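Participant: Build me a model:
(one chain, ligands or ions: 2)
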Amino acid sequence: MSITVKIINQSNNPLPEYATASSAGLDLRAFLEAPVTLQSLERTLIPTGLFMELPEGYEAQVRPRSGLAIKQGLTLLNTPGTIDADYRGEIKIIVINLSNEPQTIHSGDRIAQMIIAPYLQVHMLEVTLLTDTTRGSGGFGHTGKS
Ligand SMILES: O=c1ccn([C@H]2C[C@H](O)[C@@H](COP(=O)(O)OP(=O)(O)OP(=O)(O)O)O2)c(=O)[nH]1
Ligand SMILES: [Mg+2]
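Facilitator: Residues are numbered from 1 along each chain as shown. Ligands and ions are numbered 1, 2, ... in the order given. Sure thing, here's the model as predicted:
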(Lines give C-alpha, C1' and ligand atoms only; values in the text may rest on other atoms or scores of the structure.)
(Ligands and ions follow the chains in the order given, each with its own letter.)
Protein backbone atom coordinates (compact mmCIF):
# COMPACT_ATOMS: atom_id res chain seq x y z
CA MET A 1 0.00 0.00 0.00
CA SER A 2 1.30 3.45 -0.84
CA ILE A 3 0.14 6.96 -0.02
CA THR A 4 1.47 10.29 -1.23
CA VAL A 5 3.06 12.73 1.19
CA LYS A 6 3.76 16.27 0.00
CA ILE A 7 7.17 17.57 1.07
CA ILE A 8 9.17 20.79 0.76
CA ASN A 9 12.93 20.30 1.08
CA GLN A 10 14.87 23.44 2.03
CA SER A 11 17.99 21.47 2.93
CA ASN A 12 20.95 20.46 0.74
CA ASN A 13 20.26 16.86 1.73
CA PRO A 14 18.44 14.23 -0.31
CA LEU A 15 14.78 13.60 0.51
CA PRO A 16 14.13 11.11 3.35
CA GLU A 17 14.66 7.57 2.06
CA TYR A 18 13.93 3.99 3.05
CA ALA A 19 17.43 2.47 3.49
CA THR A 20 16.32 -1.01 2.36
CA ALA A 21 13.43 -2.44 0.35
CA SER A 22 11.27 -3.16 3.43
CA SER A 23 12.49 -0.55 5.91
CA ALA A 24 9.64 0.80 8.03
CA GLY A 25 11.30 4.15 8.60
CA LEU A 26 12.47 6.94 6.31
CA ASP A 27 15.85 8.21 7.51
CA LEU A 28 15.90 11.89 8.49
CA ARG A 29 19.06 13.96 8.11
CA ALA A 30 20.31 16.92 10.10
CA PHE A 31 20.33 20.25 8.23
CA LEU A 32 22.95 22.44 9.93
CA GLU A 33 25.10 25.42 8.97
CA ALA A 34 27.85 24.13 11.28
CA PRO A 35 28.36 20.91 13.26
CA VAL A 36 26.64 20.78 16.66
CA THR A 37 28.39 19.24 19.67
CA LEU A 38 26.27 17.98 22.55
CA GLN A 39 27.86 17.57 25.97
CA SER A 40 26.88 14.62 28.12
CA LEU A 41 23.13 14.85 28.96
CA GLU A 42 22.73 17.97 26.79
CA ARG A 43 19.69 18.14 24.49
CA THR A 44 19.02 20.27 21.43
CA LEU A 45 16.57 20.80 18.59
CA ILE A 46 18.08 19.74 15.25
CA PRO A 47 16.45 21.16 12.09
CA THR A 48 15.87 19.00 9.00
CA GLY A 49 14.91 21.64 6.42
CA LEU A 50 11.80 19.53 5.68
CA PHE A 51 8.15 20.62 5.67
CA MET A 52 5.47 17.99 5.13
CA GLU A 53 1.78 17.65 4.36
CA LEU A 54 0.43 14.28 5.47
CA PRO A 55 -2.93 13.06 4.21
CA GLU A 56 -5.80 13.35 6.71
CA GLY A 57 -5.77 10.33 9.05
CA TYR A 58 -2.00 9.83 8.98
CA GLU A 59 0.72 10.83 11.44
CA ALA A 60 4.50 10.56 11.34
CA GLN A 61 6.33 9.00 14.28
CA VAL A 62 9.91 10.20 14.73
CA ARG A 63 12.01 7.50 16.35
CA PRO A 64 15.68 7.04 17.28
CA ARG A 65 18.16 4.98 15.21
CA SER A 66 19.62 2.03 17.10
CA GLY A 67 23.10 2.45 15.59
CA LEU A 68 23.43 6.00 16.94
CA ALA A 69 22.08 4.90 20.31
CA ILE A 70 24.54 2.01 20.80
CA LYS A 71 27.60 3.66 19.21
CA GLN A 72 27.24 7.25 20.45
CA GLY A 73 24.53 7.25 23.11
CA LEU A 74 22.45 9.66 21.00
CA THR A 75 18.69 9.22 21.22
CA LEU A 76 15.50 11.27 20.98
CA LEU A 77 14.15 12.80 24.17
CA ASN A 78 10.48 12.69 23.17
CA THR A 79 10.47 9.40 21.34
CA PRO A 80 8.31 8.66 19.52
CA GLY A 81 7.88 12.25 18.39
CA THR A 82 4.54 12.99 16.77
CA ILE A 83 4.12 14.94 13.51
CA ASP A 84 0.46 15.90 13.13
CA ALA A 85 -1.32 15.83 9.77
CA ASP A 86 -2.10 19.55 10.11
CA TYR A 87 1.47 20.61 11.01
CA ARG A 88 3.08 22.80 8.35
CA GLY A 89 6.22 23.88 10.20
CA GLU A 90 9.73 22.50 9.85
CA ILE A 91 10.29 18.98 11.14
CA LYS A 92 12.80 19.20 13.98
CA ILE A 93 14.38 16.46 16.06
CA ILE A 94 14.96 16.63 19.82
CA VAL A 95 18.30 14.86 20.25
CA ILE A 96 19.87 14.09 23.64
CA ASN A 97 23.35 12.79 24.37
CA LEU A 98 23.07 10.04 26.99
CA SER A 99 26.76 9.08 26.71
CA ASN A 100 29.49 10.32 29.03
CA GLU A 101 31.42 12.07 26.25
CA PRO A 102 30.63 14.99 23.92
CA GLN A 103 29.03 13.87 20.62
CA THR A 104 29.05 15.85 17.38
CA ILE A 105 26.31 15.93 14.73
CA HIS A 106 27.17 17.05 11.21
CA SER A 107 24.85 18.33 8.51
CA GLY A 108 23.61 15.37 6.45
CA ASP A 109 23.96 12.86 9.31
CA ARG A 110 21.02 10.47 9.55
CA ILE A 111 19.85 11.27 13.08
CA ALA A 112 16.37 9.73 13.25
CA GLN A 113 13.81 7.74 11.30
CA MET A 114 10.22 8.59 10.49
CA ILE A 115 7.39 6.05 10.32
CA ILE A 116 4.16 7.11 8.59
CA ALA A 117 1.16 5.48 10.27
CA PRO A 118 -2.64 5.77 10.25
CA TYR A 119 -4.42 6.98 13.37
CA LEU A 120 -8.01 7.19 14.58
CA GLN A 121 -9.69 10.06 16.34
CA VAL A 122 -12.29 8.87 18.86
CA HIS A 123 -15.39 10.28 20.49
CA MET A 124 -15.23 10.21 24.29
CA LEU A 125 -18.46 8.89 25.82
CA GLU A 126 -18.66 9.85 29.49
CA VAL A 127 -20.24 7.12 31.68
CA THR A 128 -20.37 6.21 35.40
CA LEU A 129 -19.74 2.43 35.07
CA LEU A 130 -17.39 0.33 32.93
CA THR A 131 -18.03 -3.32 31.96
CA ASP A 132 -16.70 -6.04 34.33
CA THR A 133 -13.67 -8.12 33.30
CA THR A 134 -11.59 -10.93 34.89
CA ARG A 135 -8.58 -8.58 35.03
CA GLY A 136 -10.54 -5.79 36.59
CA SER A 137 -8.13 -3.21 37.96
CA GLY A 138 -5.18 -5.64 38.15
CA GLY A 139 -2.11 -4.40 36.33
CA PHE A 140 1.54 -3.46 36.65
CA GLY A 141 2.70 -7.09 36.97
CA HIS A 142 -0.21 -8.47 39.01
CA THR A 143 -0.20 -11.71 36.95
CA GLY A 144 3.21 -12.63 38.46
CA LYS A 145 6.55 -13.66 37.00
CA SER A 146 5.86 -16.90 35.09
O1 LIG B 1 9.81 15.47 17.41
C2 LIG B 1 8.99 16.29 17.00
C3 LIG B 1 7.73 16.46 17.60
C4 LIG B 1 6.87 17.42 17.11
N5 LIG B 1 7.22 18.19 16.04
C6 LIG B 1 6.27 19.17 15.49
C7 LIG B 1 5.20 18.48 14.64
C8 LIG B 1 4.03 18.38 15.56
O9 LIG B 1 2.82 18.35 14.82
C10 LIG B 1 4.19 19.62 16.41
C11 LIG B 1 3.59 19.51 17.78
O12 LIG B 1 4.15 18.41 18.43
P13 LIG B 1 3.54 17.86 19.80
O14 LIG B 1 2.06 17.73 19.69
O15 LIG B 1 4.32 16.66 20.19
O16 LIG B 1 3.96 19.03 20.79
P17 LIG B 1 3.11 19.88 21.82
O18 LIG B 1 4.03 20.21 22.92
O19 LIG B 1 1.81 19.18 22.15
O20 LIG B 1 2.87 21.19 20.97
P21 LIG B 1 1.51 21.71 20.30
O22 LIG B 1 0.78 22.38 21.40
O23 LIG B 1 1.99 22.64 19.23
O24 LIG B 1 0.78 20.52 19.73
O25 LIG B 1 5.60 19.82 16.53
C26 LIG B 1 8.45 18.02 15.42
O27 LIG B 1 8.79 18.69 14.44
N28 LIG B 1 9.30 17.09 15.93
MG1 LIG C 1 0.37 18.63 20.65
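
Participant: Next, see if stretch 65-76 gets close to ligand 1.
Facilitator: No - legend: contact between stretch 65-76 and ligand 1 by C-beta under 6 Å from any ligand atom is lacking; minimum distance shown is 6.9 Å. The way it works is simple: take the backbone N, C-alpha and C, and place the C-beta from them, glycine included.

Participant: What lies in contact with that stretch?
Facilitator: Residues outside stretch 65-76 that contact it (C-beta atoms under 8 Å, 6 or more residues apart in numbering) are 27, 38, 62-64, 93-101, 103, 105, 110-113.

Participant: from what I can see Thr82 touches Gln61, true?
Facilitator: Yes - counting by C-beta atoms under 8 Å, Thr82 touches Gln61, with 6.7 Å between them.

Participant: These two: which has the busier surroundings?
Facilitator: Gln61 (17 against 11; other C-beta atoms under 10 Å).

Participant: residues near the residue nearest to the more buried one when sequence neighbours are not counted, how many?
Facilitator: Spatial nearest neighbour of Gln61, excluding adjacent residues (C-beta to C-beta, 6 or more residues apart in numbering): Pro80 at 4.1 Å. By other C-beta under 10 Å, 17 other residues sit near Pro80.

Participant: quick one, what contacts Pro80?
Facilitator: Taking C-beta under 8 Å, 6+ apart as the contact definition, Pro80 lies against Gln61, Val62, Arg63, Ile115.

Participant: Can you tell me which of those is nearest ligand 1?
Facilitator: Here the nearest of the contacts of Pro80 to ligand 1, counting by C-beta to the nearest ligand atom, is Val62; it sits at 4.6 Å.

Participant: What's the separation between the spatially closest residue to Arg88 that is not a sequence neighbour and ligand 1?
Facilitator: Excluding its sequence neighbours, the residue lying closest to Arg88 (C-beta to C-beta, 6+ apart) is Phe51, at 6.4 Å. For Phe51, the distance to ligand 1 (C-beta to the nearest ligand atom, to the nearest Å) stands at 10 Å.
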